[in-house]
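Asker: model this:
(2 chains)
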Amino acid sequence: MSLTLRVNGHDHAIASDPDTPLAYVLRNELKLKGTKLGCGLEQCGACAVLVDGKPVLSCVSAAETFSGREITTIEGLAHTETGSRVQAAFVKASAAQCGYCTAGLVVAVTGLLNGNAAPDQAAAIQALTPHLCRCGSHPNVLRAVEIATRGK
Amino acid sequence: MSLDSHPLISDWLTVRNGRLVVHTGKVDIGQRISTALAQIAHEELSLPLDRIDIALVATGRAPDEGVTSGSNSIEQSGHAVRCAAATLRQLLIAHAADLLGGRASDWILTDGALSGPGTNRPIPITDLIGGIEPTARADPLAASLATSLARSLAGPVAVPEPAMRGLPDMVAGRHVFVHDLDVPDMLHARVIRPPHARARLMRLSDDSVRTLDATGLHLIRDGSFLAVAGTTEWDVSKAAERLADACTWSDNGGLPEADVFAALTTGNATRLPVVDGQPDQAGGIPPPLPDPDHTARYERPFTLHGALAPSASMATWADGKLSVVTHSQGIYPLRDSIAESLGLDPDQVELSHVPGSGCYGHNGADDAAFEAAIVAMTLPDRPILLKWSRQDEHAYEPFGTAMAVELAASLDRSGNIAAFSAEAIGGTHRGRPRPGTGQAGPRNLLANRIRANPISPQPPLPNMNWQGGMHRNLDPIYDVPAKRLIKNLIDDLPHRTSALRCLGAAANIFALESFMDELAGQQDRDPLEFRLAHLTDPRAAAVIDRLADEMAKLPLPGRQGGRGLAYAQYKNAMTRVAICVDLEVGDRGEIRLKHALIVADAGRVIDRNGLAAQLEGGFLQGASWALYEQVDWDRSGILSQDWDSYPVIRFDNVPRMRTVILNQPDASPLGAGEAAPPPAVAAIANAVCDATGLRVRRLPLTPDTILRQALNAPS
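Answerer: All right, here's what the predicted structure looks like:
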């Protein structure tokens, strides 16, 4: 039985083995390279995507488990109001250094705001703690959350 | 310096399609050097930033600037680009006057266009650059600030805050890393690693090879170097795991389990005195201080670079040419080392830089590039995208060496330091592949150690450079009448080590700044006052005074809280940084960072946001070293294999941060990427002591270490 995934608002017939982790399908079959792989162990957060609006790590779970769900990748976020607001906030806050963790963080913050329009600092930290940044962009990322939330 | 070997303006600045192209040999590794270089060209030529490109950094095209390391990019590439641009400005104005009349002083440069007498239409400088002799040389004195356009404008100069190049692509997931390359006919590749560095391949089961063939995957074997390649990344990844199980490895005694800190003694070492930051081959070892007032030993374990993205590279062997796309920090030395390893002429090999994640020094980048090249040579005409796994990067990157630092001081009657002794003890910080005699380059590429004709690692030699290796910041920045400084190289530590951000400065400043607090504390003196009593540099005093002002605005630490301070000037010559940390130590020894203040003087500011990001990022990496990071191993191999077994700082322990930059418009700009981590480590250790009364002298400051020390403390 063939697998269909709904990604960024479109249905895609998937040729990869259904047990392939979602991140590999997104990157290699759908050529959506914005979702990064950092560990393959759900420890670093680089591979976060939104599934039905909530952040989910995509490097371990098989693609088939996402059948029937609405997947939004970093590429699709620009077309959502919250996602584009978060992206603009990251730019305004200069919230990246090497940029490898950035897409996952933008996804995480968008997911956070989807579920809580006015998160406090504790909620932001809880949402971001699954994500590693080795360059130390954390202070600017937290500033981006403020900007995305309060518009300043 | 970069300008000596590449003296022409056209080595650094050219025009393409009406846009200015800045050429550099330094690569952007998240430190925003491309943003700063574009800003420098903009400051001298007034051309808007959106009409300035940074050229691809590739061998044969880019200036050879060695390795992007040591926080040197601003002082080397930045200086060269500024000189080239400032000279070019003068030549362009003279050229316009020649062509169109008027005196040079009549011509005005604005927004990248020249306006002069008799023209009512400004001429874009990009149209004029073609008229400048391609052999025109950059004036090495042109960077003197008096000539700078920005400085010639009246009034105070605003601190520039250029937009970070690449950021809009990063937040949209469009920024391309090596890992994202995707070209027709490409094969993915993974390496099957031995269980540890001493193990060698004895046997690979025939069944597994047959299975591989049947599934259309390629097996590449060269001695104990094993890789698998195929069209589907996930299949290749799974096959590599299966193959690892099908291999029989010789153990060769396993990894040595001895306590590394017991091995870090001066008795085991090649010893060299260090004078004014410079090792002295001819000098004898001075005797220890007689009867010092205070002595202490500080220790730092092996640590990882821990790049967020495991290393990767794409290589293609076609028509007698090897092309390699890499995130290496040194494309020219790596090109020569790869060519020599594979019996190729350097002209047959082209390396080009595409970013990986931040690397913080010599990680797996160079090794991955070489391994991709080996696979490509056995599968001609197919681009090979080889990626390390997370476990590969953790267990096989070159670590930052473990170090010990032994300090002693004698005090004068007023309690100030009269004589000071520092001995740094550790392995090498220099494991990069650099061409030289005796296969020096190939010997530092990991795969060469296990290929069919293996070559042994380059034996470490003491780094004799000024402020190099383990003696970086060994010399205290403080004014001390008598100093005894010795570096002690241990050449048989159990792991491969190489350059990790800050080199020896992290351990040396952790030691020195802890020691300064201890000396102040013994005399009930204020730690800042004690430091200032040993500093005559007015810029150091200004940084520390500002820290004191900012500290006064912070709430005082609470019941479980403590406050720690530290000061350092990177290499005793670059960015000055003072740090204050407030933290709390919980009942189980867990440390919560509350506030961090950073005050820095990096000379003239080129990119304020970029500078602040380097300082804050540096603080957090230093905090991560201080609190969490330590490589563990046993006989069977490296146990730090992922982010659970090698924890690092996360968002839940990021303090509130405030960063103050003291701009010095008339001073040279200085790199700052490595300035903050060492004092960050020391300030945290000092704050823990303030909070608990426990002076912890071995990193990391884990709850376990703190509780154990608390139990052993005299009550």
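
Asker: enumerate every residue touching whichever residue of chain B sits closest to chain A.
Answerer: Proximity of chain B to chain A (Cβ to the nearest Cβ) peaks at residue B:173, 1.9 Å away. Where you see a C-beta, it was placed from the backbone N, CA and C, and this is true even at glycine. Each residue near residue B:173 by Cβ atoms under 8 Å, 6 or more residues apart in numbering or on different chains is listed here: A:32-35, A:73-75, A:103, A:106.

Asker: look up how far residue B:100 lies from the residue of chain B most remote from its centre.
Answerer: In terms of distance from the mean C-alpha position of chain B, residue B:118 ranks first, at 51.9 Å (Cα atoms, centre = their mean). Noted for residue B:118: a distance of 6 Å to residue B:100, by Cβ to Cβ, to the nearest Å.

Asker: swap in residue B:486?
Answerer: Distance from residue B:486 to residue B:100, by Cβ to Cβ: 65 Å.

Asker: now intersect the contacts of residue B:173 with the helices, please.
Answerer: Using DSSP state H, the members of those that fall in helices are A:74-75, A:103, A:106.

Asker: so which of those are also by chain B?
Answerer: A:74-75, A:103, A:106 (Cβ under 8 Å from any Cβ of the partner chain).

Asker: hmm, back to that, more neighbours: which of residue B:486 and residue B:100?
Answerer: Remark: of residue B:486 and residue B:100, residue B:486 carries more neighbours, 23 against 14, as counted by other Cβ atoms under 10 Å in any protein chain shown.

Asker: can you give me the strands for chain A?
Answerer: In chain A, the strands defined using DSSP state E lie at A:3-7, A:10-14, A:48-51, A:54-57, A:70-72.

Asker: so which of those strands comes closest to chain B?
Answerer: Closest to chain B of the strands of chain A is strand A:48-51 (Cβ to the nearest Cβ; 10.3 Å).

Asker: contact residues of the stretch 101-250 of chain B facing chain A?
Answerer: Residues of the stretch 101-250 of chain B lying close to chain A by Cβ under 8 Å from any Cβ are B:163-164, B:166-177, B:179-180, B:182, B:232-235, B:237.

Asker: and the gap between the nearest residue to residue B:336 once chain neighbours are set aside and residue B:5?
Answerer: Closest residue in space to residue B:336, ignoring its immediate chain neighbours: residue B:435 at 4.0 Å, by Cβ to Cβ, 6 or more residues apart in numbering or on different chains. In this structure, residue B:435 and residue B:5 are 16 Å apart, going by Cβ to Cβ.

Asker: what's the answer for residue B:54, then?
Answerer: Residue B:54 is 20 Å from residue B:5, by Cβ to Cβ.

Asker: between those two, which one's more packed in?
Answerer: Set side by side, residue B:54 and residue B:5 show more neighbours around residue B:54, with 19 against 13, by other Cβ under 10 Å.

Asker: before we move on, the earlier item: neighbours of the residue nearest to residue B:336, how many?
Answerer: Neighbour tally, residue B:435, other Cβ under 10 Å: 17.

Asker: surely it is within a helix?
Answerer: No. Using DSSP: H, G, I helix; E, B strand; the rest coil, the secondary structure at residue B:435 is coil, not a helix.

Asker: ok so, going back, contact partners for the residue farthest from the centre of chain B?
Answerer: B:100-102 are the contacts of residue B:118 under Cβ under 8 Å, 6+ apart.

Asker: ok, 10 Å please
Answerer: Residue B:118 makes contact with B:100-102, B:106, according to Cβ atoms under 10 Å, 6 or more residues apart in numbering or on different chains.

Asker: coming back round to it: out of the ones next to chain B among the ones in helices among the contacts of residue B:173, which two are the most distant from each other?
Answerer: A:75 and A:106 (11.0 Å; Cβ to Cβ).

Asker: what sits in contact with each of those two?
Answerer: Counting by Cβ under 10 Å, 6+ apart, the shared contacts of residue A:75 and residue A:106 are A:34, A:83, B:172-173.

Asker: of the residues you listed, buried ones?
Answerer: Taking 16 or more other Cβ atoms under 10 Å in any protein chain shown as the criterion, what is buried in the shared contacts of residue A:75 and residue A:106 is A:34, A:83, B:172-173.

Asker: just those residues now: which is nearest residue B:247?
Answerer: Nearest to residue B:247 out of those is residue A:34 (Cβ to Cβ; 35.6 Å).

Asker: from memory that closest one sits against residue A:58, does it?
Answerer: No. Residue A:34 is beyond contact range of residue A:58, at 11.6 Å (criterion: Cβ atoms under 10 Å).

Asker: what's the overlap in contacts for those two?
Answerer: A:26-27, A:49, A:73, A:104, A:107.

Asker: report the distance from stretch B:56-69 to the chain centre.
Answerer: The chain centre lies 16 Å from the centre of stretch B:56-69; the measure is Cα atoms, centre = their mean, to the nearest Å.

Asker: hang on, the earlier thing: would a markdown table of the buried ones among the shared contacts of residue A:75 and residue A:106 with pLDDT be doable?
Answerer: Putting these into a markdown table (pLDDT from 0 to 100) gives the following:
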| residue | pLDDT |
| --- | --- |
| A:34 | 98 |
| A:83 | 97 |
| B:172 | 97 |
| B:173 | 97 |
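
Asker: for the residue nearest to residue B:336, give me its contacts.
Answerer: B:332-337, B:339-340, B:346, B:441-442.

Asker: burial measure for the closest residue in space to residue A:149 that isn't next to it in sequence, as a count.
Answerer: Once flanking residues are discounted, residue A:149 sits nearest to residue A:118: 6.0 Å by Cβ to Cβ, 6+ apart. Under the neighbour criterion other Cβ under 10 Å, residue A:118 is assigned a count of 8.

Asker: ditto for residue A:14
Answerer: Using other Cβ under 10 Å, residue A:14 has 21 neighbouring residues.

Asker: so what pairs up with it in the strands?
Answerer: For residue A:14, the beta-bridge partners under DSSP bridges are residue A:3.

Asker: from residue B:3, how far off is it?
Answerer: According to Cβ to Cβ, residue A:14 and residue B:3 sit 54 Å apart.

Asker: element containing residue B:20?
Answerer: Following DSSP states H and E, one finds residue B:20 within strand B:19-22.

Asker: in chain B, which helix or strand is least confident?
Answerer: helix B:149-152 (a mean of 51; mean pLDDT, DSSP states H and E).

Asker: following the chain past that one, name the next helix or strand.
Answerer: Immediately after helix B:149-152, counting by DSSP H and E, sits helix B:167-171.

Asker: next secondary structure element downstream of that following helix?
Answerer: Next along the chain after helix B:167-171, taking DSSP H and E as the criterion, comes strand B:187-192.
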